[in-house]
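Visitor: whatever this is, show me its structure:
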Amino acid sequence: MQSPFKYKILLILLFALINSTFIKAQSENTLDYYLESAQLNNPNLKDFNNQIKLTSIDSIKLRRDFGFKVNGIADASFSPQIQNWGYNGNSTINGNNLALLGRVSRDFSSKKNYNAKLNSFSLSIQQLLNQKNLSVLNLKRAITEQYLLAYENQEQLKIDTEIIHIFSQEDLILKTLTQKSVFRQTDYLTFKVSQQQIELLQKQHLADFQNNFGMLQYISGRDEVETSTLQKPNLGLQESLNFDESVYSQSFKADSLKLANDIQMINYNYQPKISVFADGGYSSTLIQTPYKNFGVSAGISLNIPIYDGHQRELSISQKKIELETKKDYASFYLKQYNQQKLQIKKQISNYQNMVNLAENQMKYSKTLIEAHLKQLPTGDVKMVDFILAITNYTNLKSGLLQYKMQVLRLENQLQNMILQ
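Guide: Below you'll find the predicted structure:
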């Protein structure tokens with residue numbers, strides 16, 4: 001009684017396994033999968049991540065640098081005097097000196113100076129993030145372009161297969177009709193030449209697909225050798241980002257803020273600097289009562305910049321010039337970004353109209369071939385007209401594929417806009 005139930009369970013598990021394998025195979029042949037793989041495997045993006053980590057550590061080191069520092073100091077020296085030649089001083093009386101100290105010190109700076117230095121690291125991280133995002137943008141565009149190229153080759157192979165199927169179906173019929181003198185021998189030879197041309201073209205398209213599929217694996221960091229069926233990419237005409245939301249605008253903002261912060265840091269570097277210290281331990285010249293030479297000391301240091309040859313003003317002038325240059329680039333890229341976006345949208349609209357027109361023409365071309373196929377066995381259609389109809393159908397279908405692929409390429413350019 002339990003045997004049929006066990007078989008049902010096994011069948012369900014087997015179906016689930018096959019289904020999951022099929023879904024996994026499909027998911028690994030999508031554009032999103034290749035984009036994700038490329039970003040995971042790209043060493044340049046990993047380098048940016050490591051640079052961000054290093055800069056974060058530098059920020060932590062700066063916070064530690066503004067705290068108290070504790071050092072242990074040990075110093076033992078012997079400075080002999082030979083015939084009244086040698087060091088002279090309280091610290092080296094009789095040529096001996098021994099010091100074992102613990103010192104605590106701290107540099108004091110204004111809160112604004114401290115915050116400016118911390119902000120410098122934050123802005124550096126933002127600059128690295130912007131550079132990383134720009135690299136991601138370039139990578140996504142390159143991967144998508146290569147995927148579309150391989151997918152176009154794959155779809156062209158399907159067109160070739162369809163046309164070859166039509167030729168193969170009619171080959172035997174035409175050969176029989178030629179033997180019955182319904183068609184001339186030259187007509188049949190013309191038919192065979194056209195068939196072989198399509199077969200040769202299919203081999204060329206297959207080589208193109210294998211090459212572009214391999215290149216797709218290469219630039220996405222995968223090592224797959226065998227070709228597999230790519231899923232149709234779904235880009236869609238999405239609303240592109242405004243310039244203020246783009247990576248270019250974010251880069252200009254971060255660069256400008258960094259330059260403004262650099263100017264603040266230059267000004268803060270010319271403020272007075274105060275440091276204090278305190279130490280305690282043992283320091284002795286080992287002359288009199290060395291066992292009593294334990295003690296403590298404290299001190300303060302003040303550093304006031306007075307004159308540096310106007311380097312402060314010159315440094316600030318350099319930063320201001322760089323800031324103006326950034327503003328000029330931002331203004332130029334804003335115009336270029338908006339102009340390129342409008343131009344791409346217009347091209348998409350034009351090619352979409354061409355797609356609609358080609359699809360309408362395809363209906364008539366396909367109807368014509370179907371009519372010729374019905375007339376072919378009776379010899380009511382000329383061989384030249386039949387081959388011409390197939391050629392026109394092939395050209396229309398290949399042209400339609402190219403128009404659709406061009407729409408996808410333009411959508412890729414719109415979504416991943418690169419400014420030169």
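Visitor: which residues in the stretch 251-400 of the chain form strands?
Guide: Along the stretch 251-400 of the chain, counting by DSSP state E, counting those that start in this stretch, strands occupy 273-284, 294-303.
Visitor: out of the ones you listed, deepest packed?
Guide: strand 273-284 (a mean of 16; mean count of other Cβ atoms under 10 Å). The C-beta positions use only the backbone N, C-alpha and C, and glycine is treated the same way.
Visitor: angle of it against strand 294-303?
Guide: 160 degrees (axes from the mean of the first three to the mean of the last three Cα atoms, to 10 degrees).
Visitor: which residues in the stretch 51-200 of the chain form helices?
Guide: Here the stretch 51-200 of the chain has its helices, by DSSP state H, counting those that start in this stretch, at 111-179, 185-219.
Visitor: need the strands of the stretch 251-400 of the chain in a markdown table with mean pLDDT, can you?
Guide: Listed next are the strands of the stretch 251-400 of the chain as a markdown table, based on pLDDT from 0 to 100:
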| stretch | mean pLDDT |
| --- | --- |
| strand 273-284 | 82 |
| strand 294-303 | 84 |
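Visitor: a markdown table for the ones you listed, including distance to Ala74?
Guide: Output for the strands of the stretch 251-400 of the chain, formatted as a markdown table (distance: least, Cβ to Cβ, whole Å):
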| stretch | distance to Ala74 |
| --- | --- |
| strand 273-284 | 9 |
| strand 294-303 | 15 |
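Visitor: what bridges to Lys69?
Guide: Ser105 (DSSP bridges).
Visitor: that one touches Ser275, doesn't it?
Guide: No - the pair Lys69 / Ser275 is not scored as a contact, 10.0 Å apart, by Cβ atoms under 8 Å.
Visitor: now list whatever residues contact both of these two.
Guide: Ser105, Arg106 (Cβ atoms under 8 Å, 6 or more residues apart in numbering).
Visitor: low-scoring stretches of the stretch 51-200 of the chain, by residue?
Guide: Within the stretch 51-200 of the chain, the ranges that satisfy pLDDT under 70 run 76-96.
Visitor: just the helices of the stretch 51-200 of the chain: most buried one?
Guide: Mean neighbour counts were compared across the helices of the stretch 51-200 of the chain using mean count of other Cβ under 10 Å; the top stretch is helix 111-179, at a mean of 17.
Visitor: mind listing what's buried in stretch 352-367?
Guide: Gln352, Met354, Val355, Ala358, Ser365 (16 or more other Cβ atoms under 10 Å).
Visitor: give me the spatial nearest neighbour of Asn133, chain neighbours excluded.
Guide: Closest residue to Asn133 apart from its sequence neighbours, by Cβ to Cβ, 6 or more residues apart in numbering: Val247 at 4.6 Å.
Visitor: residue contacts, that neighbour?
Guide: Contacts of Val247 (Cβ under 8 Å, 6+ apart): Asn130, Asn133, Leu134, Leu137.
Visitor: can you check Ile316 too?
Guide: Going by Cβ under 8 Å, 6+ apart, the list of residues near Ile316 reads Ile263, Ile266, Asn267.
Visitor: quickly note the distance from it to Tyr307.
Guide: Noted for Ile316: a distance of 16 Å to Tyr307, by Cβ to Cβ, to the nearest Å.
Visitor: returning to what we had before: can you lay out the helices of the stretch 51-200 of the chain as JSON lines showing distance to Glu226?
Guide: Listed next are those as JSON lines, based on distance: least, Cβ to Cβ, whole Å:
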{"stretch": "helix 111-179", "distance to Glu226": "14"}
{"stretch": "helix 185-219", "distance to Glu226": "9"}
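Visitor: of these, which is nearest Ala371?
Guide: helix 111-179 (13.5 Å; Cβ to Cβ).
Visitor: show me what that closest one is packed up against.
Guide: helix 31-41, helix 43-65, helix 185-219, helix 247-269, helix 311-375, helix 383-415 (3 or more Cβ pairs under 8 Å, 6 or more residues apart in numbering; DSSP states H and E).
Visitor: how far does the second one sit from its chain's centre?
Guide: Centroid displacement of helix 43-65 relative to its chain, using Cα atoms, centre = their mean, to the nearest Å, is 19 Å.
Visitor: export that helix as PDB, just CAs?
Guide: Taking Å, rounded to 0.1, in the frame of the first residue of the first chain, the C-alpha atoms of helix 43-65 are listed here in PDB:
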ATOM      1  CA  PRO A  43      39.600  43.900  -9.100                       C
ATOM      2  CA  ASN A  44      39.300  47.600  -9.700                       C
ATOM      3  CA  LEU A  45      36.100  47.800  -7.500                       C
ATOM      4  CA  LYS A  46      37.800  45.700  -4.800                       C
ATOM      5  CA  ASP A  47      40.700  48.100  -4.900                       C
ATOM      6  CA  PHE A  48      38.300  51.000  -4.300                       C
ATOM      7  CA  ASN A  49      36.700  49.100  -1.300                       C
ATOM      8  CA  ASN A  50      40.200  48.600   0.200                       C
ATOM      9  CA  GLN A  51      41.100  52.300  -0.300                       C
ATOM     10  CA  ILE A  52      37.900  53.300   1.500                       C
ATOM     11  CA  LYS A  53      38.800  50.900   4.400                       C
ATOM     12  CA  LEU A  54      42.400  52.400   4.600                       C
ATOM     13  CA  THR A  55      41.000  55.900   4.600                       C
ATOM     14  CA  SER A  56      38.600  55.000   7.400                       C
ATOM     15  CA  ILE A  57      41.500  53.600   9.400                       C
ATOM     16  CA  ASP A  58      43.400  56.900   8.900                       C
ATOM     17  CA  SER A  59      40.400  58.700  10.300                       C
ATOM     18  CA  ILE A  60      40.500  56.500  13.400                       C
ATOM     19  CA  LYS A  61      44.200  57.100  13.700                       C
ATOM     20  CA  LEU A  62      43.600  60.900  13.600                       C
ATOM     21  CA  ARG A  63      41.100  60.600  16.500                       C
ATOM     22  CA  ARG A  64      43.700  58.700  18.500                       C
ATOM     23  CA  ASP A  65      46.400  61.300  17.600                       C
END
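Visitor: output the contacting helices and strands for that helix.
Guide: Against helix 43-65 (3+ Cβ pairs under 8 Å, 6+ apart) you get helix 111-179.
Visitor: for stretch 260-276, buried residues please.
Guide: Using 16+ other Cβ under 10 Å as the test for burial, stretch 260-276 gives Asn261, Asp262, Ile263, Gln264, Met265, Ile266, Tyr268, Lys273.
Visitor: so what's the residue lying closest to the fifth one once chain neighbours are set aside up against?
Guide: This means Met265. Spatial nearest neighbour of Met265, excluding adjacent residues (Cβ to Cβ, 6+ apart): Ala116 at 5.0 Å. When contacts are counted by Cβ under 8 Å, 6+ apart, Ala116 touches Asn261, Gln264, Met265, Tyr268.
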